[in-house]
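Visitor: sequence first, then the predicted structure:
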Amino acid sequence: MKAVAVFPQEKKIQIIDHPMPKLESETDVKIRILEVGICGTDREIARLEYGTPPKNSSYLVIGHETIGQVVEIGPKVSKIKPGDFVVPMVRRPCWHPDCPACRSGRQDFCLTGDFSERGIKLLHGFMTEFVVDDQKYMNLVPPQIKDLAVLVEPLTIAEKGLIQVWDVEKRLPWLDAPGAEEKYAHKQKALVLGAGPVGLLGAMALLVRGFETWVYSRDPKDSVKAKFAESIGGKYISSRDTGIQELPKQIGNIDLIYEATGAAAISFQAMEILGINGVFIFTGVPGRKGPIQIDADLIMRNLVLKNQLVYGTVNAGKDAFEKAISDLTEFAARWPQQIHQIITGRYPVNDYQDLLLGPISGMKRVISFSS
Ligand code: BGC
């Protein structure tokens, strides 16, 4: 069957004939891949800057954002049946008996670093025709959102980040009370940095939770992304018109900053404007470009004097996948036109070179295996 694979030793990427996977355990599920999304991580792997093939393989089949349809199940599969639509998770646990994260099914917090990730690290990914994996890594998707479900995995990044926001905010006693999430989220102000798919999906997730939400990005105010942010009820500010230091004048106390740029300089500058009791979430993974200058004294003063909290988030657990599926269903109901605009193009697999190595354009570009 067809697959897109990178060969790190031979420094090439190409379509290969990859062996058809078979059910290996009684709880395995085989899916036919319908769509695979392309993200910055895939492009880094394609440039041979990231990614590790499985042991004993000279290549890595890439792709980790996907939606598939079940074609075969093992005899002990109980929750999934042929014909169902599913989104598989990305990370698989390490083998260390004493890794509490992996042993409790939360390999997204793996402590040893010996986890594997499909399409990224030591396991083949989803940019191929069929995939087999255990039912516990498969998440059922309602058929009515199957055309959007390729967005589930990128949305899990925001979901994992936001699940933790509420855990953190419970340190404030008035937020640790029944109904507080609904009551106070509506008064909170969130700033999203970046208007790529992770940023805009994050903005949608914040808006459905009731946050007043601003999106700050370098795209001009009349750009497609700006219009998109405004059409879902967000407020858009372009960095071409407004410097970062001026944002609090327009926004007020910034309760939450959700970083989705992968750019360190702008992100650390934004830490300077985080509000009182504010939370800053990093999601981007910048390439190493050398040291930058930041106003560390100011950032440290603010962290202390304003009770701020900063954390990063990577990968996602089952809870974030389930929340992403329910949120995507909600987005489709609230913003039926807009949510489809995030997927800016569906391409045949033969276009992989341009998609992975050509210029970035649009929002989320997707390889469709069903066409
Ligand atoms: C993926 C995550 C993965 C991370 C690091 C991201 O693009 O969405 O699942 O953990 O890359 O490899």
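Guide: Yep, it's here.
Visitor: just the strands in the stretch 201-350 of the chain please.
Guide: 212-217, 235-238, 256-259, 279-282, 309-312, 343-347 (DSSP state E, counting those that start in this stretch).
Visitor: hey, which of those strands is tucked in deepest?
Guide: Comparing these by mean neighbour count (mean count of other CB atoms under 10 Å), strand 256-259 ranks first with a mean of 26. Just so you know, the C-beta spots here come from the backbone N, C-alpha and C atoms, and that holds for glycine as well.
Visitor: neighbouring contacts of that strand?
Guide: Outside strand 256-259, the residues within contact range by CB atoms under 8 Å, 6 or more residues apart in numbering are 158, 161, 165, 188-194, 199, 202, 206, 211, 267, 270-271, 273-274, 278-284.
Visitor: give me the subset of these touching the ligand.
Guide: Among the contacts of strand 256-259, not one lies near the ligand by CB under 6 Å from any ligand atom.
Visitor: ok, and for stretch 298-317, which residues are buried?
Guide: Using 16 or more other CB atoms under 10 Å as the test for burial, stretch 298-317 gives 299, 302-303, 308-309, 313, 315-317.
Visitor: which residues of the protein lie near the ligand?
Guide: Close to the ligand, as judged by CB under 6 Å from any ligand atom, the chain has residues 39, 41, 64, 90-91, 117, 120, 153, 314-315.
Visitor: what subset of the residues you listed is buried?
Guide: 39, 41, 64, 90-91, 117, 120, 153, 315.
Visitor: from the residues you listed, which is closest to S57?
Guide: I120 (13.8 Å; CB to CB).
Visitor: ok, the closest one - contacts?
Guide: 41, 45, 50-52, 60, 62, 64, 90.
Visitor: so which of those residues sit within helices?
Guide: Members of the contacts of I120 lying in helices (criterion: DSSP state H): 41, 45.
Visitor: of the contacts of I120, which belong to strands?
Guide: L60 (DSSP state E).
Visitor: can you give me phi and psi for the residue in the stretch 251-371 of the chain that the ligand sits nearest to?
Guide: When scored by CB to the nearest ligand atom, the stretch 251-371 of the chain has N315 as its residue closest to the ligand, at 3.5 Å. Per-residue torsions, N315: phi 60, psi -170 (degrees, to the nearest 10).
Visitor: pLDDT score for the residue lying closest to it once chain neighbours are set aside?
Guide: Of all residues beyond its chain neighbours, the one nearest N315 is D108 (3.9 Å), with distances taken as CB to CB, 6 or more residues apart in numbering. With respect to pLDDT, D108 has a value of 98.
Visitor: hmm, D108 is touching G161, no?
Guide: No. With contact defined as CB atoms under 8 Å, D108 does not count as touching G161 (11.6 Å).
Visitor: okay, these two: which has more neighbours?
Guide: G161 (26 against 22; other CB atoms under 10 Å).
Visitor: can you show me the helices along the stretch 1-150 of the chain?
Guide: Counting by DSSP state H, counting those that start in this stretch, the stretch 1-150 of the chain has helices at residues 40-46, 100-103.
Visitor: in the shortest one, which residues are buried?
Guide: Going back to what we said before, that points to helix 100-103. Quick answer for helix 100-103 (16+ other CB under 10 Å): 101-102.
Visitor: swap in stretch 116-136?
Guide: Neighbour count says stretch 116-136 has 116-135 buried, by 16+ other CB under 10 Å.
Visitor: now, the residues you listed that are in strands?
Guide: 116-118, 122-123, 130-134.
Visitor: thought G105 was touching K318, still the case?
Guide: Yes. Contact criterion CB under 8 Å: K318 and G105 qualify, at 7.0 Å.
Visitor: looking only at neighbour counts, state which of the two leads.
Guide: Ranked by neighbour count (other CB under 10 Å), K318 and G105 place K318 first, with 15 against 11.
Visitor: for that one, give me its contacts.
Guide: 89, 105, 139.
Visitor: show me the shaky parts of the chain.
Guide: Applying pLDDT under 70 to the chain picks out residues 185-186, 371.
Visitor: could you list the domains of it?
Guide: As assigned by automatic domain parsing, the chain contains the domains 2-141+342-368, 154-312.
Visitor: what is the nearest of the ones in strands among the buried residues of stretch 116-136 to the ligand?
Guide: Of all those, E117 has the smallest distance to the ligand: 5.3 Å, by CB to the nearest ligand atom.
Visitor: got phi/psi on the residue lying closest to D255 once chain neighbours are set aside?
Guide: Nearest residue to D255 in three dimensions, chain neighbours excluded: Q188, at 4.2 Å (CB to CB, 6+ apart). Q188 adopts backbone torsions of phi -90, psi 150, taken as degrees, to the nearest 10.
Visitor: distance of S239 relative to D354?
Guide: Look at S239 and D354: by CB to CB, to the nearest Å, they are 28 Å apart.
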